[in-house]
Every structure is written in structure tokens, then in C-alpha cells.
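J.: predicted model and sequence below, questions to follow.
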Amino acid sequence: MQRACFPSRGCQQHQSVFGARSRPRTRSCALRTVCSCNSSQHEKYAVSRRQLGLLVGSATLLSSGNFWAEAAEAPAALGFESRVCEFTLSNGLHFIVLERHNAPVVACHTHARVGAYVEEEGGTGLAHLLEHMAFKGTARIGSRDWSREQAMLQAQDEVFYELREMKQTAAASGSSSSISAKMQQLQDKFTQLKAESDELVVPNAFGSMLQQAGAVGLNAVTSHDDTRYYNLLPSNKLELWFALESERFQAPVFRQLYTEKEVIAEERRARWENSPIGRFTASYLLQALDNPYRCPVIGFADDFERFGSHEVREFFDRYYHPANLTITIVGDVDPAQAQQLAQQYFGTWAPAPQAVTLDSNLLQLAAERLPRSPAVTMGPVAAAAWQGSVTTAAADGSGSSYAMTLAHRSLSGNSSASSKGSSKGLWGLGAGAAQATPAGESDPFLQRTAAGPLLALGYYRPSLTGRKGTALEVAGDILSGGRSARLIQDLVLKGSCLSASCSPGYPGELHPGLALVSAVPQSGDNLKHLSGALQQQLDRLAQYGPTPAELARVKASARTGLLSALTSNGSMAGLLASYHAVSGSWRGVLSELNDVETLTAAEVAEVADQVFHRENAFTGMGLPL
């Protein structure tokens, strides 16, 4: 019997520099942290920067047959570096081009350093919504009559904001029958305008133009850290892709916005609010973290309902501009031609006056404080709310505790950096690490749920950028990277629990978050015993480090993983873009591989000792109904 500890977004296995990340595990344990969609489908994936390759590569290869699989063959050794060409336009848009002339196909990947992490309070879900809207076309693409549609969209916005203001007034002062009647009139008008404007829309026009030209795998994915858009297409259609990609980002039309909001709202209800494991996940994150990682990528319902085209446009103009994007093209491409097309189609793109550049400064990321749970110093009001998350949980799993937790989400506000400890302190030695540790353990988060019993141990850790982060990833692979990993061998296969896993980059990697160790016990009455067994495994790794055989396995897997990524144009496009966005250079993928190959057992033990100690953990227990 196998049960999912947390919703797995599809539980697909993905390629990475870490080969162990690409191998099927006995258990997958990824929380809902990523949203992906295309013009006709909305699915979930558990993916991180190191897990990026197979999301782009294998998914498209599997869906498109042997022709695409022939796009590249694995080289005998790493030798692609000399074939990489990169350039930056005067507006800051960076391009990376990798020539691979095995077959007449190319993979195109647009990486935006715009994820849910940059959303402000009250604006959760905008990054994911914009990902959906990026497929809606432009004034020239997707409209039967733009002049009429434009007027319809403006009228629709006017009614939406009037209706929103009226609802807010009614909520603040109490509604009357006259207000309710007026609101109903506006709602009917709004519905009519939506229906009339939809008649002027050419459905899926943007995607159809690419698909008719032979493109496959057209999709996008949003996480806390970034948003990525990708597809594969015949190389002789590269200019078509340039024309369409540049137009959708320089002149987007947010048509069918309110219809798409309804689609996402239904997605949220299905995967979060009406899902026992989704409610537990959301509640646990809200209690465990006090930085933007605590908010779901899909957003909170009360925030989402307030969004109109003004908020969407403001977010887009603020973050979607050339300096925040990296574009990679891998396959049968001439770098000189690619540069000429880039200049032709993207060269005149200028950022809006309110544009903000998101620079991944590794030193600043390393210095960000740990997002420790406010439960350590929780006041009486918050404590009552927390207690309510256990006592008010509906026996039928209807979600009352979820709604209660969201209502009190502002209680988990930021506290001072000095009381939390900085990431620099945790990654430091001796006194620094001790200063980062709070005085004593926090109380566990308890919630009765139909998904129980389950156990989550979230250990606070800094950004996973740099060598220390790589060491923590290696520790995660030693713990749960395949059937030979420690948690699987010592706990799962011996019957101590049904499943166990370690996710070092949860729910994101770029900023401080959690190294999540989760498990499902055999029964609901041994959660504390299982917690102790897991901690013993972590303490043993911290005290003695990995064995030579374990370290050799991870190192071999890392190189194998990169070699496997080289077999796919899509995988390489994703990896090169992601590493450039995070580390400042696509060569970061090679640097990380070198870090893995040169890591010592002592380094892995040191990082495990700094992170996996009980006083650094926030415990969540899903109690059976």
C-alpha cells in the first residue's frame, strides 16, 4: 500500500543535474507549489530548478513520438560548451543559443524571473493568472473584430469595478434590498458582456498558429521562483516563433480574463479547498513560514476575487520586461540568424516606467533570514486560531479548518530578523549556527484530516544556491533518492512506515524555506514514534555523514543526470535558462556538477548537522478523523 504524503502535482519524475532526482523514487512527496497549464489543460507538477529538465524534455518527447526523440543523441562526453552562444540586447533581454544539428527541430524556452514570491500581500495568484493570460493572444491574434472586442472589454471592466466597489460597500455596512437588486442588475450585465465578448474571440488562436506549424509541447509552468514558457518546433518555423513570442509579451490582450478566473477558481476548489491533503498543505505552510513561500502559487480566493484587468496589467508592466527574461534556443539553429531575429522582434521592446528588475544576487539570497514559524512566540489570539484548526476541523472533511486558517493568515506576520536568525548564521560555523537556533521547539501543528495520518517535519534552511545548497541536495538524495536510500531501506521496507521522503527545496529553492521530511505511518497512533525514528536517521547522517558508497552513488547519478539531459533539446533549453537566471550564467549547471563531484562526506555531514536538528524543525501532524 502506498499513500501520497502530500499532493504531488502529477508526481512526474524530472531530469536534473542531480541524477537521483530523475530516477523513480519509492515515494514522491511534493506539496502543491507549482502550477502549469496550456491553452486547454491545467495540470500540476512538482518541479524545481534542479528538476527542470524532464519537465520540458521528456514530457514533450513522450507526447510527440520518435521523430522528436531523434532531435539529439547523447554525446560520449560533455562537449556542448563550445557550441553555446549568448548575447544580450540593449534592453537587457538575454539569449542563450546552443547549436545541435542532429535533426531539423529547435526547443524554445522563455524563462521569466517572475513567480509567486514577488506577489505583494493581497495580490496572491497574479503570477499564475498571468501565465494563463499569456496564451490569450494579442489585438491581431485571437480576435474576430478587435475594435468591437476592445470596446466590450472596456465595458466589462467598468462593470466589474463598479460591482466590486458595491460588494465592498455592502460588506462593510450591511446590504439592503435595494443594494442587492442593483448588484444583481450589474451581475446580469457583466454576464451578458462576457458572453458577447466571447463571441468575438478566436479560441486558442495563439497556440493553434504554432501547432499548425508543427510545434509540440506548448505549455508553461509557474512556481514561487519563476514562470517558464516552452515548446518544440521545426527549425524552419523559428521566425514564426519569434514573431508570436515577441508580440504576446510586448502587446498582450487580457481577453477572457474573468472566464479564466473562474477556471482557476474551480481548480483551486478541486485541488485545495475540497481536497483534504490540499487543506492540510495550505494550513501547514501558513503556520510554518513567514515569507511569501507560505502562500499558494494559485493564490487565496479572497485576493483572487478582487483582481480585474487593472491589477493584472499593473503586475505585468511591473515585472514582465526584457531584463527579467532569459530566452534559450537549442537545436538546429544558426546563432547569427537567431541574434538577427532577436534584434528584429525584441530589440525595440522597452520596459514600462514602473518596471522592477529582479536580480538574483547570490550574496543577498544567502543573507536572507530564515522564515521561522511565528508559532515560537505566538500570542493568545493567534494561538486560539491555531487551536481552532484542530478543534473546528469538520469530520466530513468539508474544509472549515481551511477557511479558518486563511482568515487568520495575517496573524503569521514577519518578526524581527534578530529573533529569527539569518541564513548566513545557519550556514556559518560554531556560534553562528547556534545563534540561528530558537530557544526550544515550537509546538507542533495539528489538524484532523481525512488525509491523515501523516507527518511533516520542516527544517528551516537558507537559499539552496551555492555549494552548501548542493550539499543539502546531496543529503536529500542519500535519505530518499531511490530504493537504496536510507529512509526507504531502514523505514519503509522494514515496515516502520508506508512512505518517507526528503525534499530539500520546499516549497521553493531560491529563497530560504524548508527541507521537508515527510512520512505516512502505519497507523495514526504512532506519529510521535515515527517522528523519533526519522530524527534518528537525520542525526545519524549529521554525525557520521554518508558512506563512501552512498556518496559515490550520488556523484555518479549527478553526471548521469546531466548526460541524460543532453539527450533532449527541451531539457537543455530549460536547464541553461534556469541556471542563467539564478546564478547569472548558464555555466552554473557545470559548476553545480563540479560541486557534487568534489563534495566530501564531511561537508554533507556538516550541512545536515546545521539543518536537521530537532530545534530547527516545524512539525505538522495530520491526525485521522
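T.: Here it is on my side, so go on. Predicted model, so just to flag it, every value in this text is computed and none were measured. Numbering: from 1, shown residues only.
J.: Phe242: which element?
T.: Secondary structure assignment for Phe242, by DSSP states H and E: helix 238-250.
J.: now that helix: buried residues?
T.: 238, 240-242, 244-250 (16 or more other C-beta atoms under 10 Å). Glycine gets a C-beta too; all of them are placed from N, C-alpha and C.
J.: contacting residues around it?
T.: With C-beta atoms under 8 Å, 6 or more residues apart in numbering as the test, helix 238-250 has contacts from 106, 108, 110, 134-135, 137-138, 140-141, 206, 209-210, 213, 215, 229, 231, 233, 320, 325, 327, 329, 333, 337-338, 341-342, 344-346, 349.
J.: 6 Å - rerun?
T.: The contact list for helix 238-250 (C-beta atoms under 6 Å, 6 or more residues apart in numbering) reads 106, 108, 134, 138, 213, 341, 345-346, 349.
J.: with stretch 531-541 instead?
T.: Contacts of stretch 531-541 (C-beta under 6 Å, 6+ apart): 455, 486, 496, 517, 608, 612, 614.
J.: centre of the chain to that stretch, how far?
T.: Taking C-alpha atoms, centre = their mean, to the nearest Å, one finds the center of stretch 531-541 at 28 Å from the center of the full chain.
J.: buried ones in that stretch, by neighbour count?
T.: Quick answer for stretch 531-541 (16+ other C-beta under 10 Å): 531, 533-535, 537-538, 541.
J.: just name the closest of these to Gly505, please.
T.: Leu538 (16.7 Å; C-beta to C-beta).
J.: phi and psi next, for the residue lying closest to Arg113 once chain neighbours are set aside.
T.: Once flanking residues are discounted, Arg113 sits nearest to Leu358: 4.5 Å by C-beta to C-beta, 6 or more residues apart in numbering. When read as degrees, to the nearest 10, the backbone of Leu358 gives phi -100, psi 100.
J.: can you check Val330 too?
T.: phi -130, psi 130.
J.: for Ile264, what are its contacts?
T.: Contacts of Ile264 (C-beta under 6 Å, 6+ apart): none.
J.: helix, strand or coil: sort out it for me.
T.: Taking DSSP: H, G, I helix; E, B strand; the rest coil as the rule, one finds Ile264 in the helix state.
J.: and the gap between it and Pro507?
T.: When C-beta to C-beta, to the nearest Å is applied, the distance between Ile264 and Pro507 equals 19 Å.
J.: buried set for stretch 87-101?
T.: 89, 93-100.
J.: what pLDDT, on average, does the strand or helix carrying Ala533 get?
T.: Using DSSP H and E, Ala533 sits within helix 527-544. For helix 527-544, the mean per-residue pLDDT is 96.
J.: quick one, the next helix or strand along the chain from it and helix 527-544 angle?
T.: For helix 527-544, the following helix or strand on the C-terminal side (DSSP H and E) is helix 548-565. Interaxial angle of helix 548-565 relative to helix 527-544 (axes from the mean of the first three to the mean of the last three C-alpha atoms, to 10 degrees): 90 degrees.
J.: got the buried residues for helix 548-565?
T.: For helix 548-565, by 16+ other C-beta under 10 Å, it's 550-551, 553-555, 557-558, 561-562, 564-565.
J.: again, but for stretch 135-144
T.: 135-138, 141-143.
J.: mean confidence score for that stretch?
T.: 97.
J.: for that stretch, give me every contacting residue.
T.: 39, 146, 149, 200, 202, 205-206, 247, 251, 253, 255.
J.: among the residues you listed, which one sits closest to Arg587?
T.: Out of these, the member with the shortest distance to Arg587 (by C-beta to C-beta) is Glu247, at 31.6 Å.
J.: any idea how far Phe206 is from the closest one?
T.: 9 Å.
J.: center of this structure, which residue is that?
T.: Ser223 (2.1 Å; C-alpha atoms, centre = their mean).
J.: how far away is the residue nearest to Ala577 when sequence neighbours are not counted from Ser360?
T.: Using C-beta to C-beta, 6+ apart and skipping the chain neighbours, the partner closest in space to Ala577 is His111 (3.8 Å). Using C-beta to C-beta, we find His111 at a distance of 11 Å from Ser360.
J.: the more surrounded of these two?
T.: His111 (27 against 17; other C-beta atoms under 10 Å).
J.: the more buried one in helix, strand or coil?
T.: With three-state DSSP as the criterion, His111 reads strand.
J.: so what's it up against?
T.: His111 makes contact with 228, 326, 577, 581, according to C-beta under 6 Å, 6+ apart.
J.: how about Ser503?
T.: Leu516.
J.: please, which helix or strand holds it?
T.: Per DSSP H and E: strand 497-506 holds Ser503.
J.: and whichever helix or strand comes after that strand, what does it pack against?
T.: Remark: after strand 497-506, the chain's next helix or strand is strand 513-521, criterion DSSP H and E. For strand 513-521, the packing partners by 3 or more C-beta pairs under 6 Å, 6 or more residues apart in numbering; DSSP states H and E come out as strand 454-461, strand 497-506, helix 527-544.
J.: can you say which of these is nearest to Phe307?
T.: strand 497-506 (27.1 Å).
J.: now that closest one: mean pLDDT?
T.: What strand 497-506 shows for mean pLDDT is 95.
J.: before we move on, what about stretch 277-289?
T.: The model assigns stretch 277-289 a mean pLDDT of 93.
J.: swap in stretch 315-330?
T.: The average pLDDT within stretch 315-330 is 97.
J.: extract the CA atoms of it and return them as CSV.
T.: C-alpha atoms of stretch 315-330 as CSV (Å, rounded to 0.1, in the frame of the first residue of the first chain):
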residue,chain,number,x,y,z
PHE,A,315,1.6,43.4,-12.3
PHE,A,316,2.6,42.6,-15.9
ASP,A,317,4.1,46.1,-16.5
ARG,A,318,6.0,45.9,-13.3
TYR,A,319,7.7,42.5,-13.8
TYR,A,320,7.3,41.4,-17.4
HIS,A,321,10.0,43.3,-19.2
PRO,A,322,13.3,42.4,-21.0
ALA,A,323,15.7,42.4,-18.1
ASN,A,324,13.6,39.8,-16.2
LEU,A,325,13.6,37.3,-19.1
THR,A,326,16.0,34.8,-20.4
ILE,A,327,15.4,33.0,-23.7
THR,A,328,17.1,29.8,-24.8
ILE,A,329,17.0,28.2,-28.2
VAL,A,330,18.5,24.7,-28.6
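J.: what does that stretch contact?
T.: Stretch 315-330 is contacted by residues 91-98, 106-114, 126, 130, 338, 349, 351-352, 354-358, 569, 572-573, 576-577, 580-581 when judged by C-beta under 6 Å, 6+ apart.
J.: what comes up buried for that stretch?
T.: Buried, per 16+ other C-beta under 10 Å, within stretch 315-330: 315-316, 318-330.
J.: can I get the buried residues of stretch 531-541 in CSV including distance to Phe304?
T.: Compiled in CSV, the buried residues of stretch 531-541 are given as follows (distance: C-beta to C-beta, whole Å):
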residue, distance to Phe304
Ser531, 35
Ala533, 40
Leu534, 36
Gln535, 38
Gln537, 40
Leu538, 38
Leu541, 41
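J.: any low-confidence regions in this protein?
T.: Low-confidence segments of the chain, defined by pLDDT under 70: 1-78, 175-179, 374-442.
J.: the strands in this protein, which residues?
T.: Taking DSSP state E to define them, one finds strands in the chain at 35-37, 42-43, 84-88, 94-99, 105-112, 216-222, 227-234, 325-331, 445-448, 454-461, 497-506, 513-521, 617-623.
J.: redo those strands as a markdown table? Include distance to Leu286.
T.: Listed next are the strands of the chain as a markdown table, based on distance: least, C-beta to C-beta, whole Å:
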| stretch | distance to Leu286 |
| --- | --- |
| strand 35-37 | 18 |
| strand 42-43 | 23 |
| strand 84-88 | 40 |
| strand 94-99 | 36 |
| strand 105-112 | 26 |
| strand 216-222 | 20 |
| strand 227-234 | 23 |
| strand 325-331 | 31 |
| strand 445-448 | 9 |
| strand 454-461 | 12 |
| strand 497-506 | 14 |
| strand 513-521 | 13 |
| strand 617-623 | 11 |
